[in-house]
Each structure stands twice: as C-alpha cells, then as structure tokens.
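# mind looking at a prediction? Sequence and model below.
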Amino acid sequence: MSDSTASPAPLTVLISGAGGTIGTELQAQLHAAGHRVQTLVRHAPSSPDEHEWEPAEGRLDPAVLDGVDAVVNLSGASISRLPWTKPYQEEIRASRVSATRTIVGAIASAANPPRVLLNGSAVGFYGDRPAERLTEDSPRGAGFLAEVVEAWEAEAFQTSADVRVATLRTGLVLAQAGALAPLRLLTNLGLAGKLGTGGQIWPWISLRDEAAAIVHLLTSSVSGPVNLTGPEPVMADRLMRHLAKRMHRPYLVPAPEFLIRLALQEAGQELLLSSQPARPEKLLADGFAFRDPTVELAIDRLLAKS
C-alpha cells in the first residue's frame, strides 16, 4: 500500500538569472526543500550543475533540458539601473525577449522537455491604473514597461501546449538589494519624505514570499499570468513612513512629482509615481499562504536581518 503522506518527489529545476536577488533566494529555498538546482550561466561552467548559454545569440543546447522537470527564467537587465537611456531601454526589452525565446526554442527541440516553464514578468504590464482593482485578467496598460511585458510574455506563451506556462508578474520586491535599495539609502541619509503625492499605490512582496510563491507554482496546476504581489497593495506614503520609522530617521523631505520626472524622466513616472493596485488572486485561490502578509511585517523582518 502506498504512503499517501509521503513527500513529493524532488524536482530538478533549471534557473536562468540564478545569481540575482530573487534567483539566489529561490535557490536557497529549493535546496532546503530537497530539490536539485541547475543554473544557466554565461561563462565556462564550474560545476556539473552549471550550463553555459548565450541568450543574445539564441544559443542553448537542448540536451541541457534532459532530466529537467521545470525551468524558471528570471533573466533580464535590471529596471532599477538608472537612467533609462534609449539604448538601455532596448537592453531591458531585448534581454527579456531573447532569453525567453532561447529557452522556448530549446524546449521545443528537447528530446525530453520539462513539464513546466515559470517565466519572469512584472506588474508593469498594467501601467498606471489608480482607480482599478487589477487582477490577472485585467488588460494591458500603457507605457514602456507594459509594452516590454507584453512582448516578454508573448514569447513565453509560444511554448508547446504540453508544457504548463506561468508568467510571474512581480511587484516591488522588498529585499536588501533591488528597487528598495535606493529608497533605503535616501531614508538613511535623512532625505525620506513623500514621493509625489504619496498616494500612488505600490504592489509589493517580500523576497521570501516571492521565492516561496515560485516554489509553490512549480507543483501547482496554475497557468497563465500570475500576480506575485502581497495580499494588499499599499500607498507609497505608508511604505515609506514605516521604513523611516523603523530606521529611526526623519520623514520630512518631500520629492515633488515634477522633480522626480525631471531627474528620472520615464523611469520616475513608471517606477515611483504610477499606481498598480494588483492583487494575487490566482495565488490566493490556489491556497498559497503568505508569510509576510503586510508591508509592515515585511519591512520589520527585512531590517531585523540588516
């Protein structure tokens, strides 16, 4: 008689972008759960679990996918790097599209392809939509990031029908590095205050919940776009005030909208001033439990580890 309480069989998971903030945490959680992790790298492999590829050239040996249960594609140039010059905007777009296209092509050519592709994505898909409750069924918004995400996801959904594909529409990840880092620096320097009106709505998620949601989706039946955000988005003012409070720094220096747009141009509008009230409806319906359900808990835990 089989043991119905037995743990699921360990998976072999291939990750691109494994050295980034999310990829590093994801590797740690996968190892802790007993799964095997392999990574795609752009240098000579230093271990049997590393495989060289060159996404800009569309180069990935399909044999790398033999024995792989799932691929998690997190590759893409950082949107937190500023300024967004025209050449860098093209790098943001091309790095995502080419990496996804390369992986999808290798899956199509593999003798024994993986059953699952979890592909990076972003809530930037929705554009600036302050008056709407945004779910995975909401249509695309306007703006540079919305256009990038549409092209990015379109490549992922070219994967053959027998592979389950989910795109990870990620919000502001609360982590030591990444998009929160410059906000922490401003706060530490005593320069924190309202960004614009402070009423813009930010979809956020803690780093450990981001990685845990990806692990959850590996064995779920969920497909299509999935919002990887905390249970409730927050006003920017609430997040920034709590950050300043916990860092014991003043919250007195506002940054007017015109100044943010002047200094950061399109990036300032899309990253700091836009509202995206996105909810993780698919994750919640699938039974995912957030360990950091409020932004205050997420910030408190993050700063406790600093």
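On my side now, so go ahead. Being a predicted model, the structure only gives us computed values, none of them experimental.

# going by C-alpha atoms from here, please, whenever you check contacts or count neighbours.
Will do.

# part of a helix, is residue 63?
Yes: counting by DSSP: H, G, I helix; E, B strand; the rest coil, residue 63 is located in a helix.

# so who does the closest residue to it other than its chain neighbours touch?
Leaving aside its sequence neighbours, residue 63 sits nearest to residue 110 (CA to CA, 6 or more residues apart in numbering; 6.3 Å). Listed by CA atoms under 8 Å, 6 or more residues apart in numbering, the contact partners of residue 110 are 62-63, 65-66.

# this protein: helices as residue ranges?
21-32, 86-109, 144-156, 180-188, 207-218, 236-246, 257-264, 266-267, 281-285, 295-304 (DSSP state H).

# report the angle between the third one and helix 86-109.
For helix 144-156 against helix 86-109, the angle between stretch directions is 20 degrees (axes from the mean of the first three to the mean of the last three CA atoms, to 10 degrees).

# buried residues in helix 144-156, which are they?
144-150, 152-153, 155-156 (16 or more other CA atoms under 10 Å).

# what helices or strands is that helix leaning on?
Secondary-structure packing of helix 144-156 (3 or more CA pairs under 8 Å, 6 or more residues apart in numbering; DSSP states H and E): helix 86-109, strand 116-122, strand 164-170.

# about what we covered before: and of the contacts of residue 110, the nearest to residue 291?
Residue 291 lies nearest to residue 65 out of the contacts of residue 110, by CA to CA, at 32.3 Å.

# so the closest one sits right up against residue 107, yeah?
Yes: Residue 65 lies in contact with residue 107 (CA atoms under 8 Å); the separation is 7.2 Å.

# and which of the buried residues of helix 144-156 is nearest residue 198?
Residue 198 has its nearest neighbour among these in residue 145, at 21.2 Å by CA to CA.

# contacts only, for the closest residue to the closest one other than its chain neighbours.
Nearest residue to residue 145, sequence neighbours excluded (CA to CA, 6+ apart): residue 124, at 5.1 Å. Contacts for residue 124 (CA under 8 Å, 6+ apart) come out as 145-146, 149, 270, 276.

# in TSV: the helices of the chain, plus mean pLDDT and distance to residue 201.
Shown next, in TSV, are the helices of the chain (pLDDT from 0 to 100; distance: least, CA to CA, whole Å):
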stretch	mean pLDDT	distance to residue 201
helix 21-32	98	22
helix 86-109	99	24
helix 144-156	99	17
helix 180-188	92	15
helix 207-218	99	19
helix 236-246	98	6
helix 257-264	96	15
helix 266-267	96	16
helix 281-285	99	17
helix 295-304	96	12
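
# in a markdown table: the ones you listed, plus distance to residue 79.
What follows is the helices of the chain, written out as a markdown table (distance: least, CA to CA, whole Å):
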| stretch | distance to residue 79 |
| --- | --- |
| helix 21-32 | 13 |
| helix 86-109 | 7 |
| helix 144-156 | 9 |
| helix 180-188 | 12 |
| helix 207-218 | 17 |
| helix 236-246 | 19 |
| helix 257-264 | 12 |
| helix 266-267 | 8 |
| helix 281-285 | 25 |
| helix 295-304 | 21 |
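
# before we move on, the earlier item: ranking the helices and strands packed on helix 144-156 by burial, who's on top?
Among the helices and strands packed on helix 144-156, ranked by average contacts under mean count of other CA atoms under 10 Å, first place goes to strand 116-122 (a mean of 26).

# by contact count, what packs against that one?
Strand 116-122 packs on strand 70-73, helix 144-156, strand 164-170, helix 207-218, going by 3+ CA pairs under 8 Å, 6+ apart.

# so which of these comes closest to residue 233?
Nearest to residue 233, of the helices and strands packed on strand 116-122 and by CA to CA, is strand 164-170 at 12.2 Å.

# paired strands for the closest one, with orientation please.
As defined by DSSP bridges, the strand partners of strand 164-170 come to strand 116-122 (parallel), strand 224-228 (parallel).

# please tabulate those in JSON lines, including the columns distance to residue 40.
Converted to JSON lines, the strands paired with strand 164-170 look like this (distance: least, CA to CA, whole Å):
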{"stretch": "strand 116-122", "distance to residue 40": "14"}
{"stretch": "strand 224-228", "distance to residue 40": "23"}
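
# that concludes my questions; thank you for your assistance.
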